[in-house]
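Visitor: missing the sequence, but the structure's below:
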């Protein structure tokens with residue numbers, strides 16, 4: 001049976017929901033074991049608090065961090081008894097939810113099938129890279145967050161897409177011999193836009209404010225899927241190779257994503273039919289109020305987080321199981337219930 005060590009690495013990471021998502025997806029697949037022969041027997045979860053990519057890769061090799069970072073969701077050190085016990089409770093509760101909240105289901109306006117969406121996204125990947133067709137005996141999976149996404153430049157790591165050239169790596173896999181990497185932020189944005197009825201392949205216009213690895217990944221994935229990109233002035237800028245620079249001649253865009261939380265943007269940006277704030281903060285209130293907040297615009301960053309996490313499973317960590325993964329709406333529903341339980345203990 002295969003085993004995996006997983007970590008999210010970056011700084012700051014004490015608020016990260018990624019370990020909880022990894023555990024929820026794993027639990028969903030465990031329930032299907034008799035059907036799919038799920039060979040991932042166990043996993044360990046870690047936070048690697050670092051601003052240097054060398055430290056993150058060192059954890060991948062050695063599996064050791066000198067100190068256990070505090071995790072905001074349990075108000076306790078990550079990897080210690082309290083956090084492990086509460087994580088187990090939260091995952092059990094989340095995975096017991098087997099139906100998506102109706103408010104999070106895909107919009108009826110979406111006309112592109114999941115199969116077509118998969119084919120559209122397949123153009124994002126290199127055809128000459130072959131991943132393992134099953135889990136290997138000892139796997140290491142990682143997610144990178146700021147400021148690590150732009151730091152990985154190594155011939156020892158095989159990029160399955162353009163993420164290393166774009167300085168936008170946020171997912172890695174190691175089998176004990178080889179490293180693979182990908183940038184799945186952009187694919188997550190394409191998927192959640194499709195979920196809400198905005199289809200890049202129909203030529204939908206994405207308005208993008210700000211820069212950074214996630215913005216580069218998003219611009220690239222959107223254009224690869226057939227859409228066009230309009231760039232707005234933010235704290236960090238993207239050059240014109242990623243899209244058309246906004247010249248105040250655009251009436252409106254179909255989907256607007258603000259990576260920099262810009263204080264003022266043109267009306268063409270703010271009037272987009274769909275708007276996303278990629279960041280996410282802690283939520284307050286009960287399950288009902290949390291679910292309601294996920295239906296408001298701009299969309300909470302949890303939409304993008306869940307979408308890109310599923311893309312990492314589908315395309316890098318377990319592509320042989322992509323048809324058995326939970327849907328975006330179901331995993332988001334489960335996350336809300338699990339996160340709400342943890343909030344009662346923090």
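Guide: Yep, it's here. Just so you know, these numbers come straight off a predicted model, no measurement behind them.
Visitor: return the distance of the nearest residue to residue 101 once chain neighbours are set aside relative to residue 238.
Guide: Residue nearest to residue 101 in three dimensions, not counting chain neighbours: residue 333, with 4.6 Å by Cβ to Cβ, 6 or more residues apart in numbering. (C-beta placed from N, C-alpha, C; glycine too.) When distance is defined by Cβ to Cβ, to the nearest Å, residue 333 is 33 Å away from residue 238.
Visitor: more neighbours, the two?
Guide: For residue 333 versus residue 238, neighbours defined as other Cβ atoms under 10 Å are more numerous around residue 333 (26 against 22).
Visitor: what is the neighbour count of the residue nearest to residue 200 when sequence neighbours are not counted?
Guide: Leaving aside its chain neighbours, residue 200 sits nearest to residue 227 (3.3 Å; criterion: Cβ to Cβ, 6+ apart). When counting by other Cβ under 10 Å, one arrives at 24 neighbours for residue 227.
Visitor: list the contacts of residue 227.
Guide: 200-206 (Cβ atoms under 8 Å, 6 or more residues apart in numbering).
Visitor: for the residues you listed, which one is nearest residue 214?
Guide: residue 206 (13.1 Å; Cβ to Cβ).
Visitor: name the element that closest one belongs to?
Guide: strand 205-209 (DSSP states H and E).
Visitor: shaky segments in the stretch 1-150 of the chain?
Guide: In the predicted model of the stretch 1-150 of the chain, residues 108-123 satisfy pLDDT under 70.
Visitor: okay, helices next: where are they in the protein?
Guide: For the chain, the helices defined by DSSP state H cover 18-30, 33-36, 53-62, 81-96, 114-122, 185-195, 213-224, 267-270, 287-293, 302-312, 328-343.
Visitor: to residue 104, which of those lies closest?
Guide: It is, among the helices of the chain and with distance given as Cβ to Cβ, helix 328-343, at 4.2 Å.
Visitor: buried ones in that closest one?
Guide: 328-343 (16 or more other Cβ atoms under 10 Å).
Visitor: could you work out the most separated pair of those?
Guide: Maximum distance among those (Cβ to Cβ): 22.3 Å, for 328 and 343.
Visitor: circling back: partners of the strand holding residue 206 in the sheet?
Guide: Here strand 205-209 is paired, per DSSP bridges, with strand 228-232 (parallel), strand 255-258 (parallel).
Visitor: contacts only, for the closest residue to residue 345 other than its chain neighbours.
Guide: Distances taken as Cβ to Cβ, 6+ apart place residue 86 nearest to residue 345, at 5.5 Å, with adjacent residues excluded. Residue 86 sits next to 73-74, 76, 341-342, 345 when contact means Cβ under 8 Å, 6+ apart.
Visitor: could you redo the last one with a cut-off of 6 Å?
Guide: If a contact means Cβ atoms under 6 Å, 6 or more residues apart in numbering, then residue 86 has 74, 342, 345 as its contacts.
Visitor: what's the pLDDT at the most centrally placed residue in the chain?
Guide: When the chain is reduced to its mean C-alpha position, the nearest residue by Cα atoms, centre = their mean turns out to be residue 308, at 2.6 Å. We note a pLDDT of 97 for residue 308 in this prediction.
Visitor: how about it: what's its closest non-neighbour residue?
Guide: Residue 308 sits nearest to residue 188 (Cβ to Cβ, 6+ apart), 3.0 Å away.
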